[in-house]
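K.L.:
give me coordinates for this.
(2 chains)
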Amino acid sequence: MSRITAEQVKHVAHLARLAVTEEDVQKFTQQLDAIITYAEQLNELDTEHVEPTSHVLNMKNVMREDIQSEGLPREEVLKNAPEHENGQIKVPSIIE
Amino acid sequence: MGLFDQKLSTLHESLHNKEISVSDLVDESYKRIGQVDDKVQAFLTLNEEKARLKAKDLDDKLGTNESKGLLFGMPIGIKDNIVTKGLRTTCASKILENFDPIYDATVMHRLEEAEAITIGKLNMDEFAMGSSTENSSFQLTRNPWNLETVPGGSSGGSAAAVAAGEVPFSLGSDTGGSIRQPASFCGVVGLKPTYGRVSRYGLVAFASSLDQIGPITRTVEDNAYLLQAISGVDPMDSTSANVDVPNFVRSLTGDVKGLKIAVPKEYLGEGVNEEVKQSVMNALQTLEKLGATWEEVSLPHSKYALATYYLLSSSEASANLARFDGVRYGYRSPNAETLMELYKNTRAEGFGEEVKRRIMLGTFALSSGYYDAYYKKAQKVRTLIKQDFEKIFESYDVIVGPTTPTPAFKIGENIADPMTMYLNDILTIPVNLAGVPGISVPCGLSNGLPLGLQIIGKHFDESTVYRVAHAFEQATDFHKQKPQL
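P.N.:
Down below sits the predicted model:
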């Protein structure tokens, strides 16, 4: 049985902000299904009383003083922007 | 013998005695690149003009009494996911093809302080996702030992450049084996430090809870010198660990008497090539002769590491790579009228196949309704894998096994089948999940292709890992073999 449907793949692609063709959808459906099927082997393990690991060193809440410092120079920041105007990064209009 | 067949401490001595100059070292590097890089294709970008100017500066300094560290004037290659101010950094992705960083990674500051010279940026799998460097958007790097085979990955350029003698040492990054696997395939020494040992500031993030920058070198001693220079807590990376950095070179005593080695049976099981197994057994014999003892042990959750890794690393990657949206930097699709189209088309056109596949997998695993079943489940299994290691390290000093199940494979052989490609990392991935340090050192040849011995240590115990690796290296001749190009 297929674990992943084409509809799901389209939804996930939208969440990931990836344009996909019908061909991509077919391919991803197949490939993700294979990987997810492989990953289901984790269900062999009883993990009900196991704590999840997000950091291997058990570090927590590393704090520092909040010190004001210089930001990056505007010209430098804009140097890599694909499009900019009057010192601002430009994107397609978002308000009608 | 080429200049770069000598270890760093010998080159340092030669500089000190004025037998060579810094410019000689930099010349040697570019000369060798000129001779072999059209075959090997390790470098994506060269820093030649600035490197030569820097060499002249340092040569002036060479005549003064100012103290000079061991890396003074040494030419180094840098993996192209480490940002270098004013030097193009692409992650081997079309989406960053013309990216000109406005700051330096912390490791670059450290190398600057040590007065090493950046020769250029090295090819890799796009965003470090891959095990063969075939996922680069720009060029195919070849293994210097056999140009028909892959150099491994994702730090394939970093390992190939050192093996080919283009630079004496380089930096790579390792998320699931990306330093150790190419080091093994290319017959060089590669270390993944303990998670938190080296600052990740300026390393373009793939999976933040697993990524570490580490050294690739000809010898264990060189490796220890380079790690020394880049280690230590960094206010710019809150996951870098505030622990002492010992003198790693001082641990290279050659003495492994009484050392207790654990050999996981899972690392010598099904799917591991017979010659690879034999090379590990030979290595254990060598270590036994030096006074170490070994026993077979079990890391029972090893078989779950691959699935755990792909769920966690892809989930983290899907979040980390959200920043590539065509707005602030990088590629922007010309085919977009709305902001949503701009995001979607930029990412569809800018990312390669493997990167998209992992973003899709990660987005799926984190999405509503699947988070608990996949992402959280994998985080829990990660705990079990980590506990496997903790248990073994209660009774043993190091864990030893192969770095990879097979020697380097042919170009194109595994590219069509992601699952087979992923299996390459099955012996290196658990180390990243547990956050412990691991090294690959040359331990034999199979049909002219190098094999690597993996030595794994406790958290922040790189010293013992180095001590064992060095003792083994000094007792064998594998590190002296060089590819013929």
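K.L.:
which parts of chain A are helices?
P.N.:
Along chain A, the segments classed as helices by DSSP state H run A:6-15, A:22-39, A:74-78.
K.L.:
ok, now which ones touch residue B:328?
P.N.:
By C-beta atoms under 8 Å, 6 or more residues apart in numbering or on different chains, the contact list for residue B:328 reads A:77, A:80-81, A:89. Every residue, glycine included, has its C-beta placed from N, CA and C.
K.L.:
do that again at 7 Å, thanks
P.N.:
Residues in contact with residue B:328 (C-beta atoms under 7 Å, 6 or more residues apart in numbering or on different chains) are A:81, A:89.
K.L.:
just the pLDDT for it.
P.N.:
pLDDT recorded at residue B:328 is 96.
K.L.:
what does the one 10 residues further on give?
P.N.:
pLDDT recorded at residue B:338 is 96.
K.L.:
same check, this time on the one 4 residues further on
P.N.:
Residue B:342 carries a pLDDT value of 97.
K.L.:
what strand or helix carries it?
P.N.:
helix B:339-350 (DSSP states H and E).
K.L.:
are the following helix or strand past that helix and chain A in contact anywhere?
P.N.:
Using DSSP H and E, the helix or strand that follows helix B:339-350 in sequence is helix B:353-366. Yes. Helix B:353-366 is in contact with chain A by C-beta under 7 Å from any C-beta of the partner chain, via B:356-357, B:359-361, B:363-364.
K.L.:
show me what residue of chain B gets nearest to chain A.
P.N.:
residue B:435 (3.0 Å; C-beta to the nearest C-beta).
K.L.:
okay, now that residue: neighbour count?
P.N.:
25 (other C-beta atoms under 10 Å in any protein chain shown).
K.L.:
give the contact list for the closest residue to it other than its chain neighbours.
P.N.:
Residue nearest to residue B:435 in three dimensions, not counting chain neighbours: residue A:56, with 3.0 Å by C-beta to C-beta, 6 or more residues apart in numbering or on different chains. Contacts for residue A:56 (C-beta under 7 Å, 6+ apart) come out as B:195, B:386, B:434-435.
K.L.:
likewise for residue B:188?
P.N.:
Residue B:188 neighbours (C-beta under 7 Å, 6+ apart): B:159, B:162-163, B:216-218.
K.L.:
ok, residue B:362 next?
P.N.:
Residue B:362 neighbours (C-beta under 7 Å, 6+ apart): B:314-315, B:317-318.
K.L.:
repeat that with 8 Å
P.N.:
B:313-319.
K.L.:
returning to what we had before: let me have the helices of chain A in a markdown table, extended by mean pLDDT, distance to chain B and mean neighbour count.
P.N.:
Output for the helices of chain A, formatted as a markdown table (pLDDT from 0 to 100; distance: least, C-beta to the nearest C-beta, whole Å; neighbours: other C-beta atoms under 10 Å in any protein chain shown):
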| stretch | mean pLDDT | distance to chain B | mean neighbour count |
| --- | --- | --- | --- |
| helix A:6-15 | 97 | 5 | 17 |
| helix A:22-39 | 94 | 4 | 17 |
| helix A:74-78 | 94 | 5 | 13 |
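K.L.:
can you put those helices in JSON lines and add distance to residue B:447?
P.N.:
Below are those laid out as JSON lines (distance: least, C-beta to C-beta, whole Å):
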{"stretch": "helix A:6-15", "distance to residue B:447": "42"}
{"stretch": "helix A:22-39", "distance to residue B:447": "30"}
{"stretch": "helix A:74-78", "distance to residue B:447": "51"}
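K.L.:
mind exporting stretch B:389-402 as PDB, just the C-alpha atoms?
P.N.:
The C-alpha coordinates for stretch B:389-402 follow below in PDB (Å, rounded to 0.1, in the frame of the first residue of the first chain):
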ATOM      1  CA  PHE B 389      27.600   4.700  22.800                       C
ATOM      2  CA  GLU B 390      27.500   5.900  26.400                       C
ATOM      3  CA  LYS B 391      27.100   2.300  27.600                       C
ATOM      4  CA  ILE B 392      30.100   1.100  25.600                       C
ATOM      5  CA  PHE B 393      32.300   4.000  26.700                       C
ATOM      6  CA  GLU B 394      31.700   3.000  30.300                       C
ATOM      7  CA  SER B 395      34.000   0.100  29.700                       C
ATOM      8  CA  TYR B 396      36.100   0.900  26.700                       C
ATOM      9  CA  ASP B 397      38.400   3.800  25.500                       C
ATOM     10  CA  VAL B 398      37.600   3.800  21.800                       C
ATOM     11  CA  ILE B 399      35.400   2.100  19.300                       C
ATOM     12  CA  VAL B 400      37.000   0.800  16.100                       C
ATOM     13  CA  GLY B 401      35.500  -0.300  12.800                       C
ATOM     14  CA  PRO B 402      35.600   0.400   9.100                       C
END
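K.L.:
and whatever helix or strand residue B:14 lives in, what does it pack against?
P.N.:
Per DSSP H and E: residue B:14 is located in helix B:8-16. With contacts taken as 3 or more C-beta pairs under 8 Å, 6 or more residues apart in numbering or on different chains; DSSP states H and E, helix B:8-16 sits against helix B:22-40, helix B:220-230.
K.L.:
tell me how far that helix lies from the chain's centre.
P.N.:
Chain-centre distance of helix B:8-16: 25 Å, with C-alpha atoms, centre = their mean, to the nearest Å.
K.L.:
only C-alpha atoms, please: export that helix in PDB.
P.N.:
Extracted in PDB, the C-alpha atoms of helix B:8-16 (Å, rounded to 0.1, in the frame of the first residue of the first chain):
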ATOM      1  CA  LEU B   8      53.400  20.500   8.400                       C
ATOM      2  CA  SER B   9      56.000  20.500  11.200                       C
ATOM      3  CA  THR B  10      58.700  19.700   8.700                       C
ATOM      4  CA  LEU B  11      57.500  22.500   6.300                       C
ATOM      5  CA  HIS B  12      57.400  24.800   9.300                       C
ATOM      6  CA  GLU B  13      61.000  23.900  10.100                       C
ATOM      7  CA  SER B  14      62.100  24.500   6.500                       C
ATOM      8  CA  LEU B  15      60.400  28.000   6.600                       C
ATOM      9  CA  HIS B  16      62.200  28.800   9.900                       C
END
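K.L.:
next, the buried residues of it.
P.N.:
Buried positions in helix B:8-16, judged by neighbour count with 16 or more other C-beta atoms under 10 Å in any protein chain shown: B:8, B:11-12, B:14-15.
K.L.:
as JSON lines, those residues with distance to residue B:179 would be great.
P.N.:
Shown next, in JSON lines, are the buried residues of helix B:8-16 (distance: C-beta to C-beta, whole Å):
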{"residue": "B:8", "distance to residue B:179": "18"}
{"residue": "B:11", "distance to residue B:179": "22"}
{"residue": "B:12", "distance to residue B:179": "24"}
{"residue": "B:14", "distance to residue B:179": "28"}
{"residue": "B:15", "distance to residue B:179": "27"}
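K.L.:
tell me what the helix-or-strand element of chain B with minimal mean pLDDT is packed against?
P.N.:
The helix or strand of chain B with the poorest confidence is helix B:418-423; it has a mean of 75 (mean pLDDT, DSSP states H and E). Counting contacts by 3+ C-beta pairs under 8 Å, 6+ apart, helix B:418-423 is packed against helix A:22-39, helix B:305-320.
K.L.:
contact partners of the helix or strand following it?
P.N.:
Note on helix B:418-423: by DSSP H and E, the next helix or strand toward the C-terminus is helix B:429-434. Residues from elsewhere that reach helix B:429-434 (C-beta under 8 Å, 6+ apart): A:56, B:174-177, B:180, B:192, B:195, B:210, B:212, B:299, B:302, B:305-306, B:308-309, B:312, B:382, B:385-386, B:388-390, B:437-438, B:454, B:456.
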